[in-house]
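Participant: this is a predicted model, with the sequence first.
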Amino acid sequence: MRRLWRSKLATLGLIVFATILVAGAAAPFVISPSVVRDVKFDAKLTPPSATHWFGTDDFGRDLFSLVLLAAHLDLRAALTVVLSALLIGAALGAIAGLVPRLDEPLMRMTDVFLSIPSLVLAMAIASVLGRSIGNLSIALIFVSWPIYCRLMRGQVLSEKEKPYVKALRTLGVGHGRMIVRHIVPNTVFPVIARAPADVGLVLITMAALSYIGFGPGPYVPEWGSLVAAGQTYIFQAPWLVIFPGVAIFLTSLSLNLVGDWARDVFDPRGRS
Amino acid sequence: MGFLSYVGRRLFFLGFVLLGVSLVVFFVLRGMPGVDPLAAYIAPGIPISQEALNALRRELRLDDPLPVQYVHYVANLVRGDWGYSRTAAQPVLTALLGRLPATVELAVFAVVLSVGIGVPAGIVAALRKDRPADVAVRVVSITGISFPVFWLGIILQLVFFYYAGQLGLPRLPSRGRIDETLALISPVSSVTGFYLIDGLLRGNPAFVASAARHLVLPAFALSLISLAAIVRIMRASMLDVLRQDYILLARSKGLSLRRIVVRHALRNAITPVLTTAGTTLGILLGGAVVVETVFSWPGMGSLAAQGILNNDSVLVVGFTLFVATMMVVVNLIVDMLYAVVDPRVRY
């Protein structure tokens, strides 16, 4: 019953995320970039209508277009961050699991990183690097890799001890071939299973950081900055806050639904 | 192994982690490729003489090799010299400590809320495993972690402050820690810096009531960050305990389910929740940056957020170091609480 429910929810999540992803990917090709600079003060703060689905902002710009353009930026950045963190973390984790000499230093390094709340560390890094989406992404990669490193190391360590590895070794399978062909393919899925929920988390963290001031400014649409810009008019034009927020919420909810299911399927420890 | 040697080992580990944290923070401040470390110390747009720059370079020992700089940096940290914040117009450590009670009050309230909601919800989900109530708890908790907290905070202000006021309903305050008029008419001098406690100590019920009302919305918004984790852990841990033999024994003795859960299972199942509550406190301190900004809460987080807008990296990095230190210490305390709650824990 529970599994069925979950897979239904996961399917729903997948459909919603795929829709947002396609919309975000297509946005810059469908929507003219001039929308961003198309300031019309006589049309400012108009409520949602047939012509402007999400209403217009304080510059008189069409909010629907801005939210879609922001989807492109936010999704691309969040996916880049998680993919990079996954690759770096999994590679270092595999090294830690395979090379005993490097295990201890790498693990102590992840201890330190994991002892600082990721939003706070990302904040420090981004603040030193300077405010931009690129620097924000670098900061988020910095704080996101250790968890993958831990996961991968654990997987590799337990995989290494399995009988088939010893069997293959006695059959004369070389070290490199063993790692590339057998250990990594068998260990990587539970690590990847964490990624969908992580994309959701990174997305929310990124939006939060750009809300508090790391945002790219009014001429580059980004979800968190759109919320921040709309907050000034919250009682007058609540749609300016509501729609970008709903976009973040739906994206992250859909990713969490998929992630919950993925963790259940790929992580043997999570099974009940 | 005795408790004391366990504490000793943990303190050693704590020292090690703090050293690691200071290394990371030092690297962030001075070692970033392509970033001039001096930039963090000077206000952008304000002309500064070459002599002053040189003096600053000497003071920060920027011409020394990095390891020497690091030793110097850590020595300063230990002495309490965390640098000067342009944003607060105060030394960093003074500014952070001054705003610590506001943040702690908010974070503790949020932890209390998320444990208060999360523990019963987790128990219900475990007892009704795979039934609609369990599914409902799951869906609600996944929805909870999917909310961008800053956005939720603004929506709460919209509903409970603005719309409630429009409809003539009692509204909840949307910004600050206290009703400012009240604070002028009947001020409460600071003892601990925690408004609830100070109000009680000075016997000022109106002050306490106002402080409590101001806490509701931001603490609720913040609690959502940890709520899902607490529910999940409580549910898993309760399921685990309910499978144990002594529960079966209690059942076969004919004890009521309520008594079994409250007297036997909960005490054993709560330990992992304690750890989670401890670790989430750190995450909540991070979340506080965002929530404090939304609710104009005068804590460390909103100060750090202002620091970002001012390019005041000395403050922002100091805040990171402060939060990391707090988190490490809190985790140590939580681990020690284990022994009190669960006597089975051996060191």
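Facilitator: Structure's in. What do you need?
Participant: which one's the longest helix in chain B?
Facilitator: Counting by DSSP state H, the longest helix found in chain B is helix B:205-242.
Participant: for it, give the mean pLDDT please.
Facilitator: The average pLDDT for helix B:205-242 rounds to 90.
Participant: buried residues in that helix?
Facilitator: Across helix B:205-242, burial judged by 16 or more other Cβ atoms under 10 Å in any protein chain shown covers B:207-208, B:210-211, B:214-215, B:217-239, B:241-242. Placement of C-beta: from N, CA and C, glycine included.
Participant: stretch B:104-120 too?
Facilitator: Buried-residue list, stretch B:104-120, by 16+ other Cβ under 10 Å: B:104-111, B:113-115, B:117-119.
Participant: possible to save these as a markdown table with pLDDT?
Facilitator: Shown next, in a markdown table, are these (pLDDT from 0 to 100):
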| residue | pLDDT |
| --- | --- |
| B:Val104 | 92 |
| B:Glu105 | 93 |
| B:Leu106 | 94 |
| B:Ala107 | 92 |
| B:Val108 | 91 |
| B:Phe109 | 92 |
| B:Ala110 | 93 |
| B:Val111 | 91 |
| B:Leu113 | 92 |
| B:Ser114 | 91 |
| B:Val115 | 91 |
| B:Ile117 | 92 |
| B:Gly118 | 92 |
| B:Val119 | 92 |
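Participant: who's in contact with the closest residue to B:Thr192 other than its chain neighbours?
Facilitator: In space, and not counting its chain neighbours, B:Thr192 is closest to B:Asp198: 5.9 Å by Cβ to Cβ, 6 or more residues apart in numbering or on different chains. For B:Asp198, the contact set (Cβ atoms under 8 Å, 6 or more residues apart in numbering or on different chains) comprises B:Val188, B:Ser189, B:Ser190, B:Val191, B:Thr192, B:Phe207.
Participant: where does B:Asp198 fall, phi/psi-wise?
Facilitator: Main-chain dihedrals, B:Asp198, degrees, to the nearest 10: phi -60, psi -40.
Participant: over to B:Leu248?
Facilitator: Per degrees, to the nearest 10, the backbone of B:Leu248 is at phi -60, psi -40.
Participant: and it, how many neighbours?
Facilitator: By the measure other Cβ atoms under 10 Å in any protein chain shown, the count of residues near B:Leu248 is 11.
Participant: do the one 5 residues further on as well
Facilitator: Applying other Cβ under 10 Å, we find 9 other residues in the vicinity of B:Lys253.
Participant: and the biggest helix by length in chain A, what does it pack against?
Facilitator: Across chain A, the longest stretch assigned as helix under DSSP H is helix A:63-98. Judged by 3 or more Cβ pairs under 8 Å, 6 or more residues apart in numbering or on different chains; DSSP states H and E, the packing partners of helix A:63-98 are helix A:2-30, helix A:100-114, helix A:133-160, helix A:184-192, helix A:195-209, helix A:223-231, helix A:239-266.
Participant: what parts of the stretch 101-250 of chain B come near chain A?
Facilitator: Residues of the stretch 101-250 of chain B found near chain A (Cβ under 8 Å from any Cβ of the partner chain) are B:129-130, B:134-135, B:138-139, B:142-143, B:145-152, B:154-155, B:157-158, B:162, B:236, B:239.
Participant: please spell out the ChimeraX selection for the buried subset of these.
Facilitator: Isolation of the buried members of these (16+ other Cβ under 10 Å) is achieved in ChimeraX through the command below:
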select /B:129,134,135,138,139,142,143,145,146,147,148,149,150,151,152,154,155,157,158,236,239
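Participant: and B:Leu62, which of the helices and strands packed on helix A:63-98 is closest to it?
Facilitator: Closest to B:Leu62 of these is helix A:133-160 (Cβ to Cβ; 22.0 Å).
Participant: any idea of the angle the helix or strand following the closest one forms with helix A:133-160?
Facilitator: Note on helix A:133-160: by DSSP states H and E, the next helix or strand toward the C-terminus is helix A:163-170. Interaxial angle, helix A:163-170 versus helix A:133-160 (axes from the mean of the first three to the mean of the last three Cα atoms, to 10 degrees): 80 degrees.
Participant: then helix A:163-170 to CSV, C-alphas only?
Facilitator: In CSV, the C-alpha atoms belonging to helix A:163-170 read as follows (Å, rounded to 0.1, in the frame of the first residue of the first chain):
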residue,chain,number,x,y,z
PRO,A,163,32.7,-12.5,-2.0
TYR,A,164,32.4,-11.8,-5.8
VAL,A,165,35.2,-9.3,-5.6
LYS,A,166,37.5,-11.8,-4.1
ALA,A,167,36.3,-14.4,-6.6
LEU,A,168,37.0,-12.1,-9.5
ARG,A,169,40.4,-11.3,-8.1
THR,A,170,41.4,-14.9,-7.9
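Participant: quick one: buried residues of it?
Facilitator: For helix A:163-170, by 16+ other Cβ under 10 Å, it's A:Val165, A:Leu168.
Participant: what is the burial count for residue 122?
Facilitator: If you meant another chain, say so; for now it's chain A. For A:Ala122, using other Cβ under 10 Å, the count is 29.
Participant: my bad, the chain I had in mind was chain B
Facilitator: When counting by other Cβ under 10 Å, one arrives at 26 neighbours for B:Gly122.
Participant: return the residues in contact with it.
Facilitator: Taking Cβ under 8 Å, 6+ apart, we find B:Gly122 in contact with B:Val137, B:Ile230, B:Val231, B:Arg232, B:Ile233, B:Met234, B:Arg235, B:Ser237, B:Met238, B:Val273.
Participant: touching, B:Thr325 and B:Gly20? I think so.
Facilitator: No: counting by Cβ atoms under 8 Å, B:Gly20 is not a contact partner of B:Thr325; they are 11.7 Å apart.
Participant: ok now the helix or strand harbouring B:Ala164, how far from the chain's centre?
Facilitator: Assessed by DSSP H and E, B:Ala164 sits inside helix B:164-166. Between the centre of helix B:164-166 and the centre of its chain there are 31 Å (Cα atoms, centre = their mean, to the nearest Å).
Participant: just the mean pLDDT for that helix, thanks.
Facilitator: Helix B:164-166 shows a mean pLDDT of 88.
Participant: list the buried residues for that helix?
Facilitator: Result for helix B:164-166 [16+ other Cβ under 10 Å]: no buried residues.
Participant: what comes into contact with it?
Facilitator: Everything outside helix B:164-166 that qualifies as a contact, by Cβ under 8 Å, 6+ apart, is B:Pro170, B:Arg171, B:Leu172.
Participant: the first one: what secondary structure?
Facilitator: Following DSSP: H, G, I helix; E, B strand; the rest coil, the label given to B:Pro170 is coil.
Participant: against A:Ala91, how distant is it?
Facilitator: Relative to A:Ala91, B:Pro170 is positioned 56 Å away (criterion: Cβ to Cβ, to the nearest Å).
Participant: do the same with B:Ser190
Facilitator: On the measure of Cβ to Cβ, B:Ser190 and A:Ala91 end up 52 Å apart.
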